[in-house]
Structures are given as structure tokens and as C-alpha cells.
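> just the structure for this:
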Amino acid sequence: MASFPGGYPAARRLDLVENLHGHRVADPYRWLEDAGSAETGEWLAAQDALWAGYRDALPRREEFTARVRELLRVGSVGLPAWRGTSRFYSRRDADQEHAVLYLHQERERALIDPIAVDPTGRTTLDAWSPDKEGRLLAYQLSRGGDEESLLRVMDVATGEVVDGPIDRCRYSGVAWLPGGKAFYYVRRLPPDAVPDGEAQYHRRVYLHVVGTPAESDTEVFGAGRDKMTYYGSSVSRDGRWLMVSASVGTAPREDIWIADLTTGDPAAPSLAPLMVGLDAMASPWVGRDGKLYVFTDLNAPRGRLCVGDPAAPGPDNWTDLIPEDQSAVLRDYAILDGADLEQPVLLVARTRHGVSEVSAHDLASGELTSALELPGIGAVGGIAGRPEGGHEAWLGYTDYTTPPVVLRYDAAAGTLDTWAAAPGAVGDGAAPAVTASQVTYHSADGTAVRMVIIKKSTGGSGARPCILYGYGGFDISMTPGYSANILAWVEAGGVYAVAGLRGGSEEGEEWHRAGMLGRKQNVFDDFHAAGEYLVAEGITTPSRLAAWGGSNGGLLVGAAVTQRPDLFGAAVCSAPLLDMVRYERFKIGETWNVEYGSAANPEELGWLLGYSPYHRVRDGVEYPAVLFTVFANDSRVDPLHGYKMCAALQHATASDRPVLLRAEGQVGHGQRAVSLTAALSGECLAFVAQQTGLQLA
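Modelled structure (predicted):
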């Protein structure tokens, strides 16, 4: 063990070695999996004390925390959901901890303010959906970061809760039938109806009649299917067509069925296959013109938009409207067909190497008519139109220096302008001036990978402290976006780099699959090559380079620390997956075996052991400084991963750089209050600054 002031807390090492499919697998800290034991509690208390003492001595902690808080004062604004002349939208003002859901009719009125619901700031608004007429609102709240949403229904006119709470609705969408009397939604079976340890699984699609007990809801779909199946449902605006989707875990494929609700009872729809048994994803929608529009990656890894007949829904009957672009990924679309238009317009959003572009097309032919000029090199986060049609569309937009704004496109005039901006103001009058440039580097196997490098617009040269951020998994793309973390770090003199690794969706579904299952090492190789590029170009040095990532990105950081300890001086490993042999046993980990593989399969165990960070820790290695951040109520990734890896590194490292654990209670994997975000960010940035020498800049 390396020298560390006062030493690390004692952690008992078990002589536990299992034979798994012929592999001898050691697990010396398995006892830390029991979060409720006295021994684990004592160890965590000692780690808390160690971190508190270290944190309080960090020279730039308060400065970073305050600056992140200032940069977050810009607030946020969301896309409108129109219902006639009424619009629903979220907005967070400068000093608010959470965004508030508003309704604007003749004036603005707050519908749901999470702080009014819970002044502690620990309650979050997870989802909301107005009915088709805008008279009722289904919304979901969870507390303490556990993401266990309770579903309620509000009478919009009075603010009165007229239904709920309905539990076991985590990740459930709401698909309203016309008239607001009923909706389809997804709910788990009761715990006493499923085997022990499977309470997070066994979902079903139900039809709920507003005002009736949830226990009397009609089960519509899901019986007899895989326990890990996730479901979705949608109903066309006219109420005629129901679509139900099913995917096992996080697999990049789904089955979809469609039913004509005018031919039978909505509680017992006659579902016909729309896309079943195919290795693809799709988002079908029946337009106001009665046609079936299907956004899919079937035979098109970068996406295409097809058109067909909902009464003859199979893929053989689809015709390409927007064919696949071999260098850009289709992300979203909207149909504008108002009376003010000579002909309907199809608005299409794509990303090219992670950067958004939007174009207008003729709806009948798909022919390009114009390209929209976005405010900068950024990301479009959705397109919204009026359900009844019209000539306008609203686009969410952000980039590295622009807080989220809502743009309005007027197809009749051909104009794009800012419709709503984040309402706050950054401290000192403006965000720092930075430049973002995209570069191309090559991974170990020669694959070209893109990376964005953000630094100050003026001043500073030579090697600088640098944070390298990545994710590389689950088909998630690293796109430009306003980040208080990035701006605070760059303003202080550092460089920030974001790599678009395989496993994500920067280059489409093939890019995703090139970094999953047996190809997961490609993701880590891409990340290491990014660090090598930053060093080779003189942007930083290994001692000044920090790896940073969370969740699947925490796995990435764990792999970087154990595979290339020579390349990094520091690491922030947040909500990480690190024991890849046992990850399936905890929380919802089993749903990810379609992304990573399963230790129950001999071949797949070999993949997992090849990179599992916890199992690659070696005694006597000079590891970088590492800060693990974990969250007690994380219902996705169990904090035990951070516990076990922290104990292993503290025991093994031969360097004098610290290995520390920041464990936070009453928060989870996702949303959190602004003040909690600022505190976490400030402490992590101060840790990296100290370990990479930024405080000397």
C-alpha cells in the first residue's frame, strides 16, 4: 500500500476465489456488497471522514462550486407541448433548484413545482403528459433519487389531483385516448406476484380508466414474455391506432404491434405485427393524413424514414421517404401541413459526427428544399409541432456556450428564430469565451474517431491540465451542450475534451455495435487513443490528464485506470459499473447483459474478465489519483461497485496519489437539485485541479 497521510481505512481481504467456467476469479471485498452490515457501515463512515478531511483542504473547492452555481443560473427552458391554444412547458429560473411545469393560456400558471411539493429539493418531476384535449395532466414524481415514480392525474383547470397515486410505474409512458377518460401505461406486477429479487422486472401494458382503482386496470399486453421486457405505447391523435412496442432489456431491437381501436374494445385490442422478430428499432406514427410514418434503422444503421399504410403495416409495404445518409444519422422529424403552406413540409434533423443539422423537404417526395441555419455548432434536442397541424415547429437547441433555447421555424416564411431562451443570467455578465474544435484521431485498430476539444478563446499555450470525458455505450451520442462543468474548468485555465467513442451512436447503430458485447475493448482503446492524441499534440501531459465519466462512463474510467495507469494523472469515476462478473446480480443490472454479456455464459465471461476493472487491479502499480462518487439511492448502478473498487485500489496502489470515496445519500442516478449538482461538480473539479496542477496556472 502506498503512503497516504494517516493511511487508508482498514478493509478486510477475503481469501475468496471461485472457479467460474474454468476461470479462477478472486473477490476479496465481497463483504462490501452487504450495505446494511455493521462492518460495511464502519468502513463507509471511515471513508466519509477521510474524504471530508481531504475535501475541506482542497484549495479551489468553494471557488469551483460557486462558479458552477453561477453558470447554472442561466436556468433552462423546454419545448412546448401544444393543446389547441394552450401550451405546457417546463422552465427553471435563475435561482430555482428544479424546473417548474407551466401552463400558458391567456397567462402563465405553474402546475407543478417540485420545491412546493417538497421544500427539501429531494423530489423530482420525472415525466408529464397532457391528454389530447389539454384538460387533464398525467405526471410522475419520485423522491430521494430512487426514480420510483408515482403516477397521478391532475385536473388542469383546478389543479386538483383526480387520480392516483399509482405505484410501480417507473419508466412508464402515458398514451391517452381521446376525451381524457382513459390511458395506456406500463406498470410492474406486485412484488408478491413475482419471484424474490425480481420486483424491478415483470412489466405489463395496462388500460387505466381515470378515477378507478389501479388494481382494476385491464392488462392489455405482456403476459408470457421475458421478465426483463420494457414496453411502450402510443395512440394516434384521432384515437384510431394503438401501437405497442417491446424490447428485452436495453437490446438495440424491438418488436412492434399495431391495432385499429375502431374495430373492437380498447381494453382488448387486436394487435397485428408491425415489425416483429427483426434486429432493428423503429418509431412508428400515424400522421394527420392517415399515413403510417416509420423512423427506423432496419437495413439502415444511420436511420431512414419510411411511409406506408397502417392497415398493411409490415416492412415489405414501406417506401423510403428519407433514405439513409451514409455520413449522417437521422434523429427526428416533424410534418408541417398548415393551411398557410402551398404544400406540406417535412422537417428533418440529423447529426453528422455528433453535430446537428436540420433541413426542410417536400413531404410528398422527400426532396430537399432548404437547409436551416442553426445558431452554431450544436445539438437539436427534439422537434415539436401542433397536434392539429400548422406551419410552425419548435426545436430545442444548445451548444457548448449557449444554454438551452427554443427555436421557432416558420415554414410559410422560411424563417428560424429564437422563440424562448433560458431566463437567467450568468454571474459576471457572461459565460466565459471558449472555442470548441472537432478533431479526428485514430484508435488502436485504425478506426477514425472524432473528439471535441474546448479551451479558452484567447491566452494560454503549451501543455495544460486536461479533462478527457467519454461514455461509449448504449447507443448514446456525445453531442454539444451547455455545461457548467466544462465552462468552469476551461475558464480556470484547463482544457476539456469529449471523445465520441464506439459504443455510442455518433455514427449510427453500427458504431454502437462496434463497442458492445465482445467488442467492448474497442471503447477503451478509443479512449486511450484520445488521451495519447492529446499528449502527442502537446495539449497536455500524462500527469496533467484526467479521465472522467459516469455510469457506463464510470466503467470506461475504471478500465482506463487499470489498463493505462501511465496515461492519466487523475480520474473521476462516478456511479460506476466496475465488478463486471457480478453486475447482473444487483439493481437492474440484468437488463444490460444484452450490452455487456453475461457471466453465466462461458464465452461472455471471458469478455467480461478481459476488462472488468475490479478484477484487473494489481498490487504494486502506481495508479492515478481516483475519486469515486456514488449515490446511496442509485436504483440503476449499485454503489457497491465503487465501494469494492475503492478498497481494492487503496490496497494495491504504489503511488502517493489519493484514492478516495465520495458517498452521497438521498440522491440517485439521475436528476438532482441545482445546489447538489454544484456541490458535487465543485468538489470533483477541485480534486482534479489539485491532482493535475491547475491551481498553479
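
> which one is residue 350 nearest to, not counting chain neighbours?
The shortest distance from residue 350 to any residue other than its chain neighbours is 4.2 Å, reached at residue 328 (C-beta to C-beta, 6 or more residues apart in numbering). Every residue, glycine included, has its C-beta placed from N, CA and C.

> counting neighbours, what do you get for that neighbour?
When neighbours are defined as other C-beta atoms under 10 Å, residue 328 has 20 of them.

> isn't it right next to residue 357, touching?
Yes - judged on C-beta atoms under 8 Å, residue 328 makes contact with residue 357 at a distance of 7.1 Å.

> anything in contact with each of the two?
Common neighbours of residue 328 and residue 357 (criterion: C-beta atoms under 8 Å, 6 or more residues apart in numbering): 350, 351.

> list the contacts for the residue nearest to residue 350?
Counting by C-beta under 8 Å, 6+ apart, residue 328 touches 302, 350, 351, 352, 357.

> low-confidence stretches in this structure?
Flagging of the chain using pLDDT under 70 yields the residue ranges 1-3, 425-430, 460, 695-697.

> how about the helices in it?
Taking DSSP state H to define them, one finds helices in the chain at 38-56, 61-71, 114-117, 484-491, 509-513, 521-536, 552-563, 593-596, 602-611, 640-652, 674-692.

> buried ones in the first one?
Within helix 38-56, the residues that qualify as buried by neighbour count (16 or more other C-beta atoms under 10 Å) are 40, 43, 44, 47, 50, 51, 54, 55.

> thinking again about what came up before, tell me which of the helices of the chain sits most buried.
helix 552-563 (a mean of 27; mean count of other C-beta atoms under 10 Å).

> give me the most central residue, the protein.
residue 476 (7.2 Å; C-alpha atoms, centre = their mean).

> okay but that one is in contact with residue 504, surely?
Yes - with contact defined as C-beta under 8 Å, residue 476 counts as touching residue 504 (5.5 Å).

> quick one on the thing from earlier: CSV for the helices of the chain, including distance to residue 346?
Shown next, in CSV, are those (distance: least, C-beta to C-beta, whole Å):
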stretch, distance to residue 346
helix 38-56, 53
helix 61-71, 37
helix 114-117, 37
helix 484-491, 34
helix 509-513, 22
helix 521-536, 35
helix 552-563, 34
helix 593-596, 33
helix 602-611, 42
helix 640-652, 45
helix 674-692, 38
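
> which one, of those, ends up nearest to residue 336?
Closest to residue 336 of the helices of the chain, according to C-beta to C-beta: helix 509-513, at 28.0 Å.

> list the contacts of the closest one.
252, 281, 297, 301, 302, 474, 475, 502, 503, 504, 505, 519.

> next: stretch 612-623.
In contact with stretch 612-623 (C-beta under 8 Å, 6+ apart) are residues 25-26, 555, 558-559, 561-563, 565, 576, 578-581, 609, 641, 644-645, 648-649, 651-655, 657, 659.

> try it again with 6 Å
By C-beta atoms under 6 Å, 6 or more residues apart in numbering, the surrounding residues in contact with stretch 612-623 are 558-559, 562, 565, 578-581, 609, 644-645, 648-649, 652-655.

> related to what we said a few turns ago, shouldn't the residue nearest to the centre of the chain be in contact with residue 503?
No - at 8.4 Å, residue 476 and residue 503 do not qualify as touching, with contact defined as C-beta atoms under 6 Å.
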